[in-house]
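**Q** next come a sequence and a model predicted from it.
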Amino acid sequence: MTEEAKDPNSMTIIAFSGDLDKLWPTMILSSTGAASGMDVTVFFTFWGLFPLVRDDVRITGYDPMTKMLAGMNAPGMKKAKLSKLNMGGMGSWMMRKVAGKNKLMPPEELFDICQDMGVKMWPCQMTMDLLGVEASQMRPGLGEPVGAATALQKMSKSQINLFI
Amino acid sequence: MEDIAATVDAKGQSCPMPVLLTSKAAKELAPGQVFLVEATDIGARSDIPAWASQTGNELIESSEEGDVLRFYIRKK
C-alpha cells in the first residue's frame, strides 16, 4: 500500500474545547494559516461545538438534561468562558477588555475573517446528536456535519494537526 | 526604490491582524508589484518574514523607525 503524501500546506485543528482561552488561539492559527495559503480545516467536537451555536440562540437540547448542559456551557461564541478563574463571567469580561485595549480581535470576529478566507468549519455530527444542537441553531456558512473518520482522513493528509 | 503599489497600515494592530491584512493586500495586487506593510506589533518582526517565506512572496527590505516596522514585499 502506498502512503499518500502529506500536504505541507494543510492544517487541521480539532477544536475540542469551548473555552474562550482555547477558542482564541484556534481562531488566530486558522486565520493565519489561511493567510499563509494553507488549506485549513477546523473540526468542532464535544464542548467545542457550543461556540458554533449562534449567539442569539439561548438554549439548545432535546430534554431537561441536554438543556441544562447547554445552560451550563453557554452556547455561542460571545458567551465563551475562561477555563480558569472565570468568576461568573468577570474573568472573560476582563480578558476581552484587555484584548480590546491591545487591539486583539475577539474570537467571533476572527471566526468571520476565517470564513471569508476559506477556512473550513466542520461541526461534529455525533456531538450535534448527543447535545441536541440543530443545524438551524448554528452559525451560517459551516461545512456539512461530519464524523471522526472524516476528520481523521483529513488529518492523515495534513502536515499540521492540532488538538486544542 | 521601486513604485509602491499599496501600503498596508497595520499600525496599532495585534497578531494575527498584520499578517491577515498583508495577505489581503497581496491578493489584490498583480505579480511583481511591490507593497509596503507598516506595523507596530513586535511580533510582526518575525511574522511578516515568516508569512513571506511561507507564501513565496519576496521580502525585499525591512526597516524600523521608532515603533514602526516597515516591510517591502514583492508579490509572487
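**A** It's in.

**Q** now the residue of chain A found nearest chain B. Nearest residue, chain neighbours left out?
**A** Residue of chain A nearest chain B, by CB to the nearest CB: A:A35 (3.5 Å). Every C-beta, even on glycine, is put in place using the N, C-alpha and C of the backbone. Nearest residue to A:A35, sequence neighbours excluded (CB to CB, 6 or more residues apart in numbering or on different chains): B:S23, at 3.5 Å.

**Q** check which helix or strand the residue lying closest to A:I59 once chain neighbours are set aside maps to.
**A** In space, and not counting its chain neighbours, A:I59 is closest to A:A70: 5.1 Å by CB to CB, 6+ apart. Per DSSP states H and E, A:A70 falls inside helix A:64-73.

**Q** what's the first helix or strand after that helix?
**A** Downstream of helix A:64-73, the first helix or strand assigned by DSSP H and E is helix A:90-101.

**Q** buried ones in that next one?
**A** A:G91, A:S92, A:M95, A:R96, A:A99 (16 or more other CB atoms under 10 Å in any protein chain shown).

**Q** now do the end-to-end distance for stretch A:126-135.
**A** 12 Å (CA to CA, to the nearest Å).

**Q** show residues contacting that stretch.
**A** Stretch A:126-135 has contacts (CB atoms under 8 Å, 6 or more residues apart in numbering or on different chains) with A:44-46, A:48-50, A:52-53, A:60-63, A:66-67, A:69-70, A:75, A:123, A:145, A:147-148.

**Q** no more questions from me, cheers.
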